[in-house]
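In: Quick one, what's the 3D model for this:
(one chain, ligands or ions: 4)
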Amino acid sequence: MKSRLLRPALLFIAFFTFLFSVSALQFRGSDRPNSQKPIGDRHSSSTPPWDDWGAQTQEGQNSGWAAYNEATALLAKVRPTATPWWEFKKSGVLGTSAYYAKELFFVLFMNGPPQQQLLTTSPNAQKLGPPLRDAVKLLREAAAEHNPDALFTLAEMNFYGNYSHPRNYTEAFRRYHQLATLNGNATAQYMVGFMYATGIGGAVQQDQARAMLYHSLAAEQGEIRSAMTVAYRNYAGIATPRNCEDAVYWYRSIANRAIEYMRSGPPGGHALVRDSYRIADEHGGVYGEGASVSSSGRHADRGGVHSSRYSAFEDVVEYMDLQARKGNIELKFRLAKHNYEGSRSTPKNFLEAKKRFLEIARLYWPKDGKTKSTSLHPHDKRYPPMAAGFLGRMFLRGEGVQQNFAIAKTWFARGIEYGDQLSQYSMGLLYLHGLGVPQDAFKASTYFAAAADNNFPAAQIRMGALFLDQGDVATAIKYFELAGGHGYIEAYYYLAELTYNGVGRDKSCELGSAYYKVVSEKAEMLSTTFAEANQAYKDGDLEAALVGYMMAAEQGFEVGQVNVAYLLDQAKPRFTLNDLMPFVRKKAALASDAFLALIYWNRSAEQKNYDSLVKVGDYYLNGLGTQADPEKAAAAYQAAADSMQSAQALWNLGWMHENGIGIEQDFHLAKRHYDLALETNPREAYLPVILALYKLRLRSWWNTVTHGSVKSIQDEPVVKKEWSFSEWINDFLDAEFLNDGGGGHLDPDDYEDSPMPGGDEDYDFDDLDSEILESLIILALSGALAFLVYYRAQRQRRQEEARRQQAQAQALNQGNAGVNGGNVVAGDAQQQRQQDRGVFPDPNDPDFMNWVAGGIGH
Ligand SMILES: *[C@@H]1O[C@H](CO)[C@@H](O)[C@H](O)[C@H]1NC(C)=O
Ligand SMILES: *[C@@H]1O[C@H](CO)[C@@H](O)[C@H](O)[C@H]1NC(C)=O
Ligand SMILES: *[C@@H]1O[C@H](CO)[C@@H](O)[C@H](O)[C@H]1NC(C)=O
Ligand SMILES: *[C@@H]1O[C@H](CO)[C@@H](O)[C@H](O)[C@H]1NC(C)=O
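Out: Ligands and ions are numbered 1, 2, ... in the order given. Next up is the predicted model:
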């Protein structure tokens with residue numbers, strides 16, 4: 001009831017806020033000085049562009065360079081605009097109200113469907129600010145003269161919205177296409193390929209064959225993003241038959257570049273920063289905390305930046321800092337390492353790291369003749385040597401300090417005294433490459449061996465490489481596999497080469513291509529812009545985020561695929577306007593989004609993302625982006641359930657068994673699946689499963705007593721009731737109080753009209769919600785029933801008691817033992833009948849209607 005009142009009230013307030021803002025905007029719009037000037041006036045203050053053409057032509061720049069250069073100068077003046085006021089994140093009361101106010105506004109005054117936010121060219125041409133407008137005009141002139149840079153800039157402006165130019169994917173495609181055909185520019189070919197592949201913004205019809213053609217052309221020219229796309233398409237069999245050899249060819253070329261890039265870094269290699277995160281994980285996965293594979297079971301400890309766990313992590317850092325200052329060495333070391341490595345929420349801080357490492361190391365190697373601290377707790381004795389290793393590494397690589405091999409070597413030697421692996425490995429690097437010491441491969445290998453035996457992956461890779469050089473492939477592979485277990489890119493690279501060429505192990509193209517793919521994707525910064533997309537997402541620029549993730553998705557990054565699918569999924573508002581105004585029929589504009597989303601869920605699912613597989617099931621079940629097909633849905637759920645990780649899939653299967661949707665109705669199997677769901681995820685699945693089981697028991701029992709055709713729950717004794725009960729229920733049904741053909745199905749539809757309690761839009765599992773709601777209603781019903789039964793029985797008992805006392809009094813008065821005995825027997829029988837009547841009144845009883853009214857209207 002509450003939410004029913006709350007929603008219109010919120011909307012009302014929001015609407016006024018909106019109107020107010022609109023008028024404010026209009027007011028602001030009217031004082032733009034140049035917007036009303038006639039076209040001829042625009043250049044009055046600056047030199048007309050055509051004035052200096054002659055001069056430029058004489059310099060040999062004839063294909064529109066003058067116009068292009070002037071446009072560039074103008075563009076430099078354009079300030080990037082802030083995110084428009086209505087593009088809040090749709091969270092919080094204000095954000096939500098503003099969002100719906102905007103939707104409402106469009107519905108009421110624009111006579112159209114609410115505006116789409118993602119991937120659309122805005123339908124009305126927007127007025128551009130004066131400098132931008134002039135720049136665009138100049139660029140068009142230059143483009144008309146086939147100036148490649150002008151074409152490129154125009155294309156980018158229309159595609160990415162640079163310089164706050166409104167996006168127009170149609171125009172972007174036209175310009176990229178022009179450029180690609182003009183001079184075979186690989187970037188433009190890649191973009192044309194990307195747009196053909198995705199049909200983004202409706203700019204072109206999706207055409208996978210052309211996409212493949214353009215990507216291949218660009219890949220041949222060394223465009224890494226296209227190479228990756230072609231590799232993935234051959235690998236996964238998208239738009240082309242699976243072709244392992246071709247996949248390897250492309251993945252291998254990228255892997256070589258990745259390794260080259262890594263090795264081009266300071267000693268020890270470039271650190272490969274990872275920016276690919278599943279944005280859904282910030283909310284506990286696509287099904288929310290606990291219901292998703294990614295945040296339950298063995299992944300339960302992984303939290304996103306914005307998850308509650310993560311904020312707790314920042315508290316932990318604060319706590320660590322406090323303890324470190326009080327002299328807790330372990331926490332100080334961990335903090336220093338955290339500073340050194342950085343994390344997703346906190347950037348690296350070499351200065352802090354160095355300060356802390358130094359403080360720890362100085363406990364053993366004090367500066368000015370002070371004595372070494374000997375009072376360390378045995379547990380803390382390993383930290384000073386480890387800190388020495390890190391200090392040496394910072395000097396070796398020049399991180400936060402001037403690179404200095406001599407100082408590095410000093411620290412490594414100190415660490416090695418105490419058997420620190422990092423120091424051993426790094427000392428090996430010094431000798432291997434002859435940094436500040438004479439090159440000595442043998443010495444290097446002894447240091448590497450010591451570190452490798454201490455299970456230091458980077459050293460294991462070096463050992464593997466050394467053994468490989470000497471032809472001992474078996475030992476080499478052992479080392480690579482050890483290091484690969486820690487996710488080291490070089491280990492995967494060696495394994496890929498060995499596997500693909502069949503050296504030391506069976507030749508396998510499939511496995512080889514998989515390894516190459518891992519290598520290519522570990523160097524994600526070479527081919528993707530995850531960091532930019534993440535930032536755009538954080539800033540609420542969903543379109544830019546979506547485009548960034550989609551490019552990665554096309555290149556085969558599972559994280560990109562799941563992010564795109566999640567964003568397109570999000571494009572569907574939690575509760576649509578239809579909830580508020582049933583007479584407004586929204587056009588099926590989102591269908592294409594759902595179609596794209598399904599494609600990416602599917603691709604992500606094929607890369608072993610079980611949450612995505614469950615999503616594929618959902619889309620088939622609800623007919624989103626495809627024909628509704630419960631059987632395919634069931635198959636997807638089954639496949640996800642087979643992983644034994646997805647409680648959601650098991651739950652859904654239980655539900656489908658319970659209701660006979662897509663698979664045979666079978667209460668017994670339904671219970672099995674619910675139980676498995678609980679087993680898979682005991683913590684979060686508890687409540688929904690318990691509720692579902694209550695309902696299921698009720699239905700199964702119901703099925704049994706009505707001799708239904710469905711297999712009932714079997715391993716538990718079915719609750720035994722007197723015949724009179726089912727008799728009453730049959731009567732009850734005959735009276736059609738439950739509008740239900742007697743099959744006993746309580747379909748979810750029966751409860752669809754009920755308002756959702758609270759309407760909490762952060763609550764992620766919609767389906768689960770209605771299930772819980774349904775179960776709760778049933779629980780409430782059975783509770784009310786039970787109470788009435790109890791109450792009736794009590795009252796009946798009291799009345800009976802009174803009557804019996806009366807009868808006894810009468811009998812005593814009569815003083816006839818024989819008659820009295822007969823009366824008692826008759827009285828018992830009568831009491832039996834009356835109790836029956838008490839529990840479930842006879843339908844012919846006038847009380848019956850009251851009873852029913854009480855039971856339903858609770
Ligand atoms: C987008 O570009 C196309 C093709 O250049 C053009 O026909 C269309 O009017 C443009 N749309 C807007 C809103 O500017
Ligand atoms: C494509 O053209 C643009 C503009 O001329 C240029 O900046 C870019 O480097 C070109 N791309 C390639 C791969 O040559
Ligand atoms: C336009 O913006 C995108 C995304 O921010 C960027 O990658 C691209 O380099 C920009 N293009 C130009 C021509 O500035
Ligand atoms: C999902 O992937 C499977 C396996 O490649 C494919 O058969 C199926 O058609 C795909 N479904 C959709 C909707 O793309």
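In: what's the residue of the stretch 401-550 of the chain found nearest ligand 2 sitting at in phi/psi?
Out: Across the stretch 401-550 of the chain, the shortest distance to ligand 2 (CB to the nearest ligand atom) belongs to Ser527, at 13.7 Å. Every C-beta, even on glycine, is put in place using the N, C-alpha and C of the backbone. Main-chain torsions, Ser527, degrees, to the nearest 10: phi -120, psi -10.
In: Surely it and Gly556 touch.
Out: No. Look at Ser527 against Gly556 with CB atoms under 8 Å: they stay out of range, at 9.9 Å.
In: any common contacting residues for those two?
Out: Met228 (CB atoms under 8 Å, 6 or more residues apart in numbering).
In: Within range of ligand 3, give me the residues from the stretch 251-400 of the chain.
Out: Within the stretch 251-400 of the chain, no position lies close to ligand 3 (CB under 6 Å from any ligand atom).
In: Which residue ranges make up the domains of the chain?
Out: Residue ranges for each domain of the chain read 2-25+62-222, 305-447, 560-777, as given by automatic domain parsing.
In: for the stretch 751-858 of the chain, which spans come out with low pLDDT?
Out: Within the stretch 751-858 of the chain, the stretches with pLDDT under 70 are 751-779, 785, 788-789, 810-858.
In: if I pick Val519, what's in contact with it?
Out: Tyr251, Ile254, Ala255, Ala258, Ile259, Ile489, Tyr492, Tyr493, Ala496.
In: To clarify, my last question referred to Leu151.
Out: By CB under 8 Å, 6+ apart, the residues touching Leu151 are Ala143, Arg175, Gln178, Leu179, Leu182, Ala188.
In: how deep is the third one tucked in, by neighbour count?
Out: Think Gln178. 19 (other CB atoms under 10 Å).
In: Just give the nearest non-adjacent residue to it, would you?
Out: Excluding its sequence neighbours, the residue lying closest to Gln178 (CB to CB, 6 or more residues apart in numbering) is Leu151, at 5.5 Å.
In: Could you report the pLDDT at the nearest residue to Asn243 once chain neighbours are set aside?
Out: Leaving out its chain neighbours, the residue that sits closest to Asn243 by CB to CB, 6+ apart is Asn234, at 4.5 Å. At Asn234, the pLDDT value in this model is 95.
In: wait, isn't Asn234 in contact with Arg252?
Out: No. Asn234 lies out of contact with Arg252 (CB under 8 Å); the separation is 11.9 Å.
In: Quick check: residues of the protein near ligand 3?
Out: Residues of the chain found near ligand 3 (CB under 6 Å from any ligand atom) are Thr153, Glu156, Tyr160, Asn162.
In: Let me know the closest of those residues to Leu698.
Out: Among these, Tyr160 lies closest to Leu698 (CB to CB), at 56.4 Å.
In: I figured that closest one hits Gly548, correct?
Out: No. If you go by CB under 8 Å, Tyr160 and Gly548 don't touch, sitting 9.6 Å apart.
In: Comparing these two, which shows the higher neighbour count?
Out: For Tyr160 versus Gly548, neighbours defined as other CB under 10 Å are more numerous around Gly548 (25 against 15).
In: Now do that one, the pLDDT please.
Out: 93.
In: Using the three-state scheme, assign Gly327.
Out: coil (DSSP: H, G, I helix; E, B strand; the rest coil).
In: Point me to the residue of the stretch 201-350 of the chain nearest ligand 3.
Out: The stretch 201-350 of the chain approaches ligand 3 most closely through Arg225 (11.8 Å), counting by CB to the nearest ligand atom.
In: Return the residues in contact with that residue.
Out: Neighbour list for Arg225: Tyr190, Ala218, Ser527, Thr528, Met551, Gln555 [criterion: CB under 8 Å, 6+ apart].
In: now do Leu468
Out: Ala476, Tyr494.
In: Give the buried residues for the helix or strand hosting it.
Out: Per DSSP states H and E: Leu468 is located in helix 457-469. By neighbour count on 16 or more other CB atoms under 10 Å, the buried set for helix 457-469 is Pro457, Ala458, Ala459, Gln460, Ile461, Arg462, Met463, Gly464, Ala465, Leu466, Phe467, Leu468.
In: CSV for these, including pLDDT and distance to Phe442?
Out: Formatted as CSV, the buried residues of helix 457-469 follow (pLDDT from 0 to 100; distance: CB to CB, whole Å):
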residue, pLDDT, distance to Phe442
Pro457, 92, 22
Ala458, 93, 19
Ala459, 94, 15
Gln460, 94, 18
Ile461, 94, 18
Arg462, 94, 13
Met463, 94, 13
Gly464, 95, 17
Ala465, 94, 15
Leu466, 93, 10
Phe467, 94, 14
Leu468, 94, 17
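In: Identify, from these, the entry nearest to Tyr674.
Out: Looking across these and measuring by CB to CB, the closest to Tyr674 is Pro457, at 42.6 Å.
In: send the alpha carbons of stretch 402-420 over as CSV?
Out: Output in CSV follows, covering the C-alpha atoms of stretch 402-420 (Å, rounded to 0.1, in the frame of the first residue of the first chain):
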residue,chain,number,x,y,z
GLN,A,402,66.7,7.2,-9.5
GLN,A,403,67.7,3.9,-11.1
ASN,A,404,70.9,2.7,-9.5
PHE,A,405,72.2,-0.8,-9.9
ALA,A,406,74.8,-0.5,-7.2
ILE,A,407,72.3,0.4,-4.5
ALA,A,408,70.0,-2.2,-5.8
LYS,A,409,72.7,-4.8,-5.6
THR,A,410,73.4,-3.8,-2.0
TRP,A,411,69.9,-4.3,-0.9
PHE,A,412,69.6,-7.6,-2.8
ALA,A,413,72.7,-8.9,-1.1
ARG,A,414,71.2,-8.0,2.3
GLY,A,415,68.0,-9.7,1.4
ILE,A,416,69.8,-12.8,0.2
GLU,A,417,71.5,-13.1,3.6
TYR,A,418,68.1,-14.1,5.0
GLY,A,419,67.0,-16.1,2.0
ASP,A,420,64.6,-13.6,0.5
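In: Show the average pLDDT along it.
Out: Mean pLDDT, computed over stretch 402-420, is 93.
In: which phi and psi does whatever residue of the stretch 551-700 of the chain ends up closest to ligand 3 have?
Out: Using CB to the nearest ligand atom, Met551 is the residue of the stretch 551-700 of the chain that sits closest to ligand 3, at 10.4 Å. Per-residue torsions, Met551: phi -60, psi -40 (degrees, to the nearest 10).
In: Would you confirm that it contacts Thr528?
Out: Yes. If you go by CB under 8 Å, Met551 and Thr528 touch, sitting 6.8 Å apart.
In: any shared contact partners between those two?
Out: Counting by CB under 8 Å, 6+ apart, the residues touching both Met551 and Thr528 are Arg225, Gly560.
In: Name the SS class of the closest residue to ligand 1 within the stretch 401-550 of the chain, please.
Out: Residue of the stretch 401-550 of the chain nearest ligand 1, by CB to the nearest ligand atom: Glu543 (14.9 Å). Secondary structure for Glu543, judged by three-state DSSP, is helix.
In: That one - how many residues pack around it?
Out: Neighbour tally, Glu543, other CB under 10 Å: 18.
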